[in-house]
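Trainee: Here is a sequence with its predicted model. Questions after.
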Amino acid sequence: MSGRGGLATFFLFLFLSITILLQVLSIVQSDRLYERINHLNQTLEKAGRVPAVQVTPAVPGGVAADEEYPGDDGDWLIWAFRVDPKTLNPISAETDIYTVWITIPYIFEPLLVYDYDPANGRQLKPHLAESYEVSSDGLEITFRLREDIHFSDGMPLTADDVIFTYETITNPKIDAANVASRYADVLKVTKIDNLVVKFSLKRPHFRSLENLSFIRTGILPKHIYGLALPLGAGATPGASAGVNHDRFNKRVSNPVGSGPYVFEKWDVGRQVVLRRNENYWGKKPKLRKVVYRFIANPVAIVQALRSHQVDIVIPEPEQFAELAEDGKFSKEFYCLSYWTPSTPFYYIGWNQGTPFFSDRLVRLAMTHIINREEIIAHLLQGRGRQITGPFYSLGPENDPNIEPIAYDPQTGGQLLDKAGWRDTDGDGLRDKDGVPLRFKFMYASSYALFERLAKLLKDEAAKVGVEVIAEPCEWSILWDRLNRREFQAYIAGWAGDAVEDPYQLFHSSQIGGGGSNFVGFRNSEADVIIEQAGRTIIDAERHRLYQRLHGILHEEQPYTFLFTRPTFRLVDRRFKNVVVHKLGLDYLQWYVPKSEQRYE
């Protein structure tokens with residue numbers, strides 16, 4: 001009996017061992033499959049054929065983005081940003097991309113939001129609004145609000161708050177001309193009842209629904225931001241009457257909205273902290289806090305990620321290229337590379353208010369001396385695409401038939417000769433009417449890529465008798481000087497919207513006064529096209545107009561369009577449900593299993 005029992009035990013042990021071995025081999029094979037897919041994508045990237053989304057392994061124990069996860073609230077998500085935002089008030093000329101990233105839709109929420117994974121194109125869906133209706137002629141848009149919405153202080157969100165937000169944006173005494181330009185076609189706004197508001201338009205606009213959803217600002221609470229004045233104390237009739245515009249313009253902190261997070265504190269120069277809104281009207285996110293830490297040095301940012309002081313970073317291109325190939329690093333961190341319609345383009349802006357760049361020939365000459373292929377190959381490690389205009393390179397507004405202006409310093413020099421800029425005194429520097437061709441090149445000092453580009457431009461310009469003086473400065477200073485147009489040339493990136501509208505950047509009405517036409521581009525044909533495109537509801541017709549605008553910008557060169565590149569993110573792998581959607585990442589879906597949480 002004892003021998004038979006031992007034999008049975010042996011076979012049982014052997015069976016279990018083989019079963020476990022097969023499970024392990026299955027897991028290893030799965031991991032290798034994902035590694036091969038990622039390696040293929042990386043190979044395609046280096047060959048210039050960048051995939052839309054970087055494939056990442058499914059997280060063991062994770063769930064699909066559209067499934068409900070049953071528990072494990074807790075932990076923090078800590079971002080690393082290069083700079084502080086200028087303000088946390090989205091209705092401000094000082095609002096920048098960092099303001100938007102921190103506040104929308106996490107503190108302030110819009111009436112409609114874009115679907116992260118639309119079936120076709122780019123689709124809005126209800127959020128604060130329960131429903132909406134657009135009249136057959138496109139001149140009336142009516143929103144019905146949900147009945148259960150309230151701000152973080154418990155006060156209900158009503159039609160009065162929607163109207164207040166609109167009137168504040170369009171109040172000429174509120175410093176938000178760049179935002180107000182989106183509402184130029186609104187004739188009037190009417191409160192139908194406490195939950196229904198109707199906008200009447202002078203003319204239809206293809207972005208009316210998006211703009212009137214307040215996608216870029218969210219809805220502000222009137223009882224917080226209204227700041228009523230005594231009668232006769234300077235209120236602006238018909239434009240958010242009773243708003244203390246001076247106090248509103250100066251309110252850069254302490255944002256209050258209806259979103260899933262509430263403002264906790266802003267230690268200027270160090271961090272902004274949001275905590276979860278425990279009274280949120282909608283589905284609460286799993287993460288209890290979101291922290292934005294400000295670390296200017298790109299090397300220090302990656303060191304902070306490696307030491308788990310931060311959880312998500314935006315690396316420099318060469319950092320991403322190196323770390324994505326590091327197998328040990330990839331076991332701890334997701335290396336995400338993906339394209340979205342809001343992927344930024346990078347450019348050099350030439351101030352046409354200067355004696356140099358008021359001349360198209362000089363702007364064209366500068367484009368000829370910049371080796372954009374070398375920039376992509378070496379500074380971006382091959383992870384980028386040369387561009388010829390401001391539109392998303394994979395979008396229908398972009399004209400793929402426009403060829404990039406060739407790198408040709410000899411032609412650049414000939415164009416400068418033709419424009420009258422010659423070396424008349426033999427000092428090696430071109431001049432005209434006694435003015436040397438010497439200009440300052442402004443860039444944000446926190447971006448190593450921009451510093452390298454400044455050096456490249458300086459070296460290339462010297463070859464054709466032009467002196468470039470590098471002018472690094474803090475982001476906040478750069479933004480102020482752009483708004484005041486106190487610069488000669490600068491480099492920056494511009495992140496687009498889900499739906500393109502170049503009005504803010506290139507229409508002549510946006511020169512000065514808080515508009516974003518910083519370079520002073522003025523072209524009557526471009527203005528007509530931009531206006532006509534705005535009124536064109538049929539997508540294909542509007543796309544043709546924008547392709548014509550693309551051609552004008554290519555001819556005039558108000559910018560030297562450099563490149564676009566994928567969005568790069570490095571994320572700690574303790575976060576699960578990290579899904580790259582068609583519109584990017586949505587960390588409101590992320591969670592951390594209890595066993596891996598670091599913060600209370």
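Mentor: Alright, I've got the coordinates.
Trainee: give the contact list for the residue most central in space within the chain.
Mentor: Geometric centre of the chain, nearest residue: A495, 4.3 Å, by CA atoms, centre = their mean. Applying CB atoms under 8 Å, 6 or more residues apart in numbering to A495 gives the contacts 97, 342-344. Glycine gets a C-beta too; all of them are placed from N, C-alpha and C.
Trainee: Quick check: the residue nearest to it when sequence neighbours are not counted vs I376, distance?
Mentor: The shortest distance from A495 to any non-neighbouring residue, by CB to CB, 6 or more residues apart in numbering, is to P344 (4.2 Å). P344 is 15 Å from I376, where distance means CB to CB, to the nearest Å.
Trainee: for R544, same thing?
Mentor: For R544 relative to I376 (CB to CB), the value is 29 Å.
Trainee: quick one, which of P344 and I376 is more surrounded?
Mentor: Using other CB atoms under 10 Å as the criterion, P344 and I376 rank with I376 on top: 21 against 15.
Trainee: got the contact list for that one?
Mentor: By CB under 8 Å, 6+ apart, I376 lies in contact with 382-386, 563.
Trainee: quick one: the residue nearest to A495 and D497 touch, right?
Mentor: No - counting by CB atoms under 8 Å, P344 does not reach D497; the two are 11.2 Å apart.
Trainee: Tell me the buried residues in the one helix or strand L549 maps to?
Mentor: Per DSSP states H and E: L549 is located in helix 539-556. By neighbour count on 16 or more other CB atoms under 10 Å, the buried set for helix 539-556 is 542-543, 545-554, 556.
Trainee: Output it as CSV, restricted to C-alpha atoms.
Mentor: The C-alpha coordinates for helix 539-556 follow below in CSV (Å, rounded to 0.1, in the frame of the first residue of the first chain):
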residue,chain,number,x,y,z
ASP,A,539,-15.9,69.4,-43.4
ALA,A,540,-14.5,68.6,-46.9
GLU,A,541,-15.0,72.2,-48.1
ARG,A,542,-13.4,73.6,-44.9
HIS,A,543,-10.4,71.3,-45.3
ARG,A,544,-9.8,72.6,-48.8
LEU,A,545,-9.8,76.2,-47.5
TYR,A,546,-7.4,75.3,-44.8
GLN,A,547,-5.1,73.6,-47.3
ARG,A,548,-5.1,76.9,-49.2
LEU,A,549,-4.2,78.7,-46.0
HIS,A,550,-1.4,76.2,-45.5
GLY,A,551,-0.1,77.2,-48.9
ILE,A,552,-0.1,80.9,-48.0
LEU,A,553,1.7,80.3,-44.7
HIS,A,554,4.3,78.2,-46.6
GLU,A,555,4.8,81.1,-49.1
GLU,A,556,5.0,83.9,-46.4
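Trainee: What's the mean pLDDT across it?
Mentor: If you average the pLDDT over helix 539-556, you get 97.
Trainee: residues in contact with that helix?
Mentor: Residues outside helix 539-556 that contact it (CB under 8 Å, 6+ apart) are 206, 360, 363, 388-391, 396-399, 402, 405, 500, 502, 506, 521, 523, 525-526, 529-530, 532-533, 536, 559, 561.
Trainee: Tell me which helix or strand comes right after it.
Mentor: Next in sequence after helix 539-556, counting helices and strands by DSSP H and E, comes strand 559-564.
Trainee: What helices and strands are in contact with that next one?
Mentor: Packing partners of strand 559-564 (3 or more CB pairs under 8 Å, 6 or more residues apart in numbering; DSSP states H and E): strand 345-350, helix 360-368, strand 385-386.
Trainee: the strands in the stretch 401-550 of the chain, which residues?
Mentor: When secondary structure is read from DSSP state E, counting those that start in this stretch, the stretch 401-550 of the chain shows strands at 431-432, 435-436, 438-444, 467-473, 489-494.
Trainee: What angle do strand 438-444 and the fourth one make with each other?
Mentor: Regarding strand 467-473 and strand 438-444, their directions subtend 30 degrees when assessed with axes from the mean of the first three to the mean of the last three CA atoms, to 10 degrees.
Trainee: still on that earlier bit, any chance of the buried residues of helix 539-556 in JSON lines, plus distance to I78?
Mentor: Output for those, formatted as JSON lines (distance: CB to CB, whole Å):
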{"residue": "R542", "distance to I78": "41"}
{"residue": "H543", "distance to I78": "41"}
{"residue": "L545", "distance to I78": "44"}
{"residue": "Y546", "distance to I78": "39"}
{"residue": "Q547", "distance to I78": "42"}
{"residue": "R548", "distance to I78": "46"}
{"residue": "L549", "distance to I78": "41"}
{"residue": "H550", "distance to I78": "40"}
{"residue": "G551", "distance to I78": "45"}
{"residue": "I552", "distance to I78": "44"}
{"residue": "L553", "distance to I78": "39"}
{"residue": "H554", "distance to I78": "42"}
{"residue": "E556", "distance to I78": "44"}
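Trainee: Noted, bye for now.
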